[in-house]
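Asks: got a sequence here, can you model it:
(2 chains)
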Amino acid sequence: MVQRMVLALFLTVLTSVCVHADTLRMAVTTSFHNSGLSDVLLPLAEAEIGLTVELVVVGTGQALRLGRAGDVDAILVHSKAAEIEFVEQGFGTHRREIMYNDFVIVGPSSDPAQVAASSDVVGALSAIRNAEAIFVSRGDDSGTHRRELALWNRTDDGIPTEAWYRPVGAGMGAALNVAVGMDAYVLSDRASWLNFGRKDGLAVLFEGDPTLFNQYGYLPVSAARHPHVKAQSAQAFEDWLTSPSTQATIGSYEIDGQTLFVPNAKQ
Amino acid sequence: MGDIWEGLEAAFWLIVTLDPELVQISLRSLQVSITAVAIAALIGVPFGAWLAISRFRRRRATIAVLNALMGLPPVVVGLFVYLLLSRSGPFGVLGLLYTPTAMIIAQVIIATPLIASISHQAIRDLWADYHDLLISLNTTKRQRMRALVWDGRRSLLTATLAGFGRAIGEVGAIMIVGGNIENATRVLTTSIALETSKGNFALALGLGFVLIAIAIAINLGIHAISGTEREGRW
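Replies: Prediction:
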């Protein structure tokens, strides 16, 4: 082991890829990355404030773990209760709201459970339960998964345990792939769905309920707890993300003519 | 079928146009896996040779464990290396997490047991032939190992290539310790996983074909250089 570590050190010197003067390592959720917004924002950040942002794309649960361990400088996730706990426990300095998008219920376009006729999301989920239509759950403790469980908890019979309810334990894209393969219903964030390249036979069936809004929060990792984190870069990126011009860029990001994110950072 | 055809087409255009991003991630794949396998061979081949000619208590148990380690799940290795290299882990101060070095460390752990185990097998057979000669010449253990490694070099090359195959096609470990960061730690296998999750099956499959092509090219190249499979030798 010791020998390997010495070798490893030696290798860093040999193989270290270009170390940028100013880089920020940020853990983000799969849904944010799959939306394609990062491909617009990151080159812009590099051009405007000279900051290279390296993304580690994971589920919200893992993102919070990486932040706790101090392996990233900041996280951008969407699970408010977990974010507040993260800050209260001293792992993050503060939580700043950046923008929100919304979740949609995607399912087979023939809509066997008649989800589209529902008046609210609780009604839509109850319709799926009554029809015992296959429902694919993320099942990976991500922000989307936590939201889905919270929504099921508001229905009369709580979180389903029957065979038609299938937790796949995978990211948003992988869960959509499974849903396509099984002609199943699935809760997805709108951005991931629009950017998804294989919509065969599936369509958005239910949308627009205010309880489906999905708030993204930016949390710099506390430098008091992990002195090596790049607090200055994290602050610079936050200032840039919440600046009026970047907020306008976020608001104007579209796929297929649909806007995806509503910026709502308080100045 | 349509997706497979589109995948071949995507692979063709990626290679013909020398897509700069493809070149970058392919080179990084090679850099990581070749470095890892070189280190793994430096550890695994001598260890396999030593194991073949040594007799000690628990030798059987050691061999059984080594063979079992050939099936180490990469994702477990990844998690283990992550916990070691994490800022909160014992080697966190080195700041190696999410660098190619971390990926190399993980792949060394994955490839070494495979190389050591196949090397041990090859050299044990050779040792049966050479045993009386090397004993009667009163050679030291070190000399015996050198003679056996040199004369068994073709089988040991196969062992190393098997290790390379395991390393270059592996995604579970490097996804965790590398993070699949664009322009930093993204390699072919992690790109394939990413494109699959985006539903871009054709592009993912195309990258898969590129990966297979690179693996074949490396194997052919090494056989050509080392002169195995020559007339009268096969």
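
Asks: the residue most distant from the middle of chain B, which is it?
Replies: Relative to the centre of chain B, the most outlying C-alpha is that of residue B:136, 37.2 Å out, by C-alpha atoms, centre = their mean.

Asks: would you map out the domains in chain A?
Replies: Domain ranges of chain A: A:2-100+A:215-263, A:102-212, per automatic domain parsing.

Asks: for the longest strand seen in chain A, name the packing helices and strands.
Replies: As assigned by DSSP state E, the longest strand anywhere in chain A is strand A:96-108. Counting contacts by 3 or more C-beta pairs under 8 Å, 6 or more residues apart in numbering or on different chains; DSSP states H and E, strand A:96-108 packs against helix A:121-131, helix A:172-182, strand A:185-189, helix A:190-195, strand A:202-206, strand A:213-220, helix A:244-251, strand A:262-263. Yep, even glycine has a C-beta here, placed from its N, CA and C like the rest.

Asks: from residue A:187, how far off is the residue farthest from the centre of chain B?
Replies: In this view, residue B:136 and residue A:187 are 75 Å apart by C-beta to C-beta, to the nearest Å.

Asks: so which residues on the stretch 51-200 of chain A come close to chain B?
Replies: A:54-57, A:68-71, A:170-174, A:176-177, A:180, A:195-199 (C-beta under 8 Å from any C-beta of the partner chain).

Asks: now do 6 Å
Replies: Proximity of the stretch 51-200 of chain A to chain B, by C-beta under 6 Å from any C-beta of the partner chain, involves residues A:54, A:56, A:69, A:70, A:71, A:171, A:173, A:174, A:196, A:197, A:198.

Asks: tell me the phi and psi of the fifth one?
Replies: The main-chain torsion angles of residue A:71 are listed as degrees, to the nearest 10 and equal phi -90, psi -10.

Asks: my read: it touches residue B:88, true?
Replies: No. Contact criterion C-beta atoms under 6 Å: residue A:71 and residue B:88 do not qualify, at 7.9 Å.

Asks: between those two, who's got more neighbours?
Replies: Neighbours per residue, other C-beta atoms under 10 Å in any protein chain shown: of residue A:71 and residue B:88, the larger number sits with residue A:71, 25 against 13.

Asks: and the pLDDT for that one?
Replies: pLDDT for residue A:71: 93.

Asks: likewise the one 5 residues further on?
Replies: Confidence at residue A:76, expressed as pLDDT, is 95.

Asks: just residue A:9 next, same as before
Replies: At residue A:9, the pLDDT recorded in the model is 50.

Asks: can you name the residue of chain B nearest to chain A?
Replies: At 3.2 Å from chain A, residue B:197 is the closest residue in chain B, using C-beta to the nearest C-beta.

Asks: enumerate every residue touching that residue.
Replies: Residue B:197 makes contacts with A:171, A:173, A:174, as judged by C-beta atoms under 6 Å, 6 or more residues apart in numbering or on different chains.

Asks: where does pLDDT dip in the chain?
Replies: All of this refers to chain A. Applying pLDDT under 70 to chain A flags residues A:1-21.

Asks: if you could check chain B rather than the one you did, that'd help
Replies: Scanning chain B for pLDDT under 70 picks out B:1, B:227-234.

Asks: let's see that with 90 instead.
Replies: Counting by pLDDT under 90, the ranges of chain B that qualify are B:1-22, B:87-89, B:92-93, B:95, B:154, B:179-184, B:193-206, B:221-234.

Asks: which residue ranges of it form helices?
Replies: The residue ranges that make up the helices of chain B, judged by DSSP state H, are B:2-16, B:20-53, B:59-69, B:74-85, B:100-136, B:141-151, B:153-168, B:172-178, B:188-197, B:201-226.

Asks: give me the three-state assignment for residue A:90.
Replies: What DSSP: H, G, I helix; E, B strand; the rest coil gives for residue A:90 is coil.

Asks: got the contact list for it?
Replies: The contact partners of residue A:90, taken as C-beta under 6 Å, 6+ apart, are residue A:222.

Asks: do you know how far it is from chain B?
Replies: 14 Å (C-beta to the nearest C-beta, to the nearest Å).

Asks: ramachandran angles for that residue?
Replies: The phi/psi pair for residue A:90 (degrees, to the nearest 10) reads phi 90, psi 10.

Asks: helix/strand/coil for residue A:141?
Replies: Quick answer, by three-state DSSP: residue A:141 is coil.

Asks: swap that for residue A:61, sorry
Replies: helix.

Asks: what residue in the stretch 101-250 of chain A comes nearest to chain B?
Replies: Across the stretch 101-250 of chain A, no residue is closer to chain B than residue A:173, which sits at 3.2 Å (C-beta to the nearest C-beta).

Asks: sorry, back to before: how about the residues of the stretch 51-200 of chain A next to chain B, which pair is most distant?
Replies: A:70 and A:198 (37.4 Å; C-beta to C-beta).

Asks: more neighbours: which of the two?
Replies: Neighbour count, other C-beta under 10 Å: between residue A:70 and residue A:198, residue A:70 has more, with 21 against 18.

Asks: report the separation between that one and residue A:60.
Replies: The gap separating residue A:70 from residue A:60 is 18 Å, by C-beta to C-beta.

Asks: list phi and psi for the residue minimising distance to the centre of chain A.
Replies: In chain A, the residue lying closest to the centroid (C-alpha atoms, centre = their mean) is residue A:29, at 3.2 Å. Dihedral pair for residue A:29: phi -80, psi 160, per degrees, to the nearest 10.

Asks: residue numbers of chain B in contact with chain A?
Replies: So chain B meets chain A at B:86-88, B:97, B:100-101, B:105, B:179, B:181, B:184, B:197-200 (C-beta under 6 Å from any C-beta).

Asks: ChimeraX command to pick out the buried ones of those?
Replies: To isolate the buried members of the residues of chain B next to chain A in ChimeraX, using 16 or more other C-beta atoms under 10 Å in any protein chain shown:
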select /B:86,87,97,100,101,105,179,181,184,197,198,199,200
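
Asks: possible to save the residues of chain B next to chain A as a markdown table with distance to residue B:49?
Replies: Converted to a markdown table, those look like this (distance: C-beta to C-beta, whole Å):
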| residue | distance to residue B:49 |
| --- | --- |
| B:86 | 35 |
| B:87 | 39 |
| B:88 | 39 |
| B:97 | 34 |
| B:100 | 30 |
| B:101 | 28 |
| B:105 | 24 |
| B:179 | 37 |
| B:181 | 38 |
| B:184 | 37 |
| B:197 | 43 |
| B:198 | 46 |
| B:199 | 48 |
| B:200 | 46 |
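
Asks: good, wrapping up.
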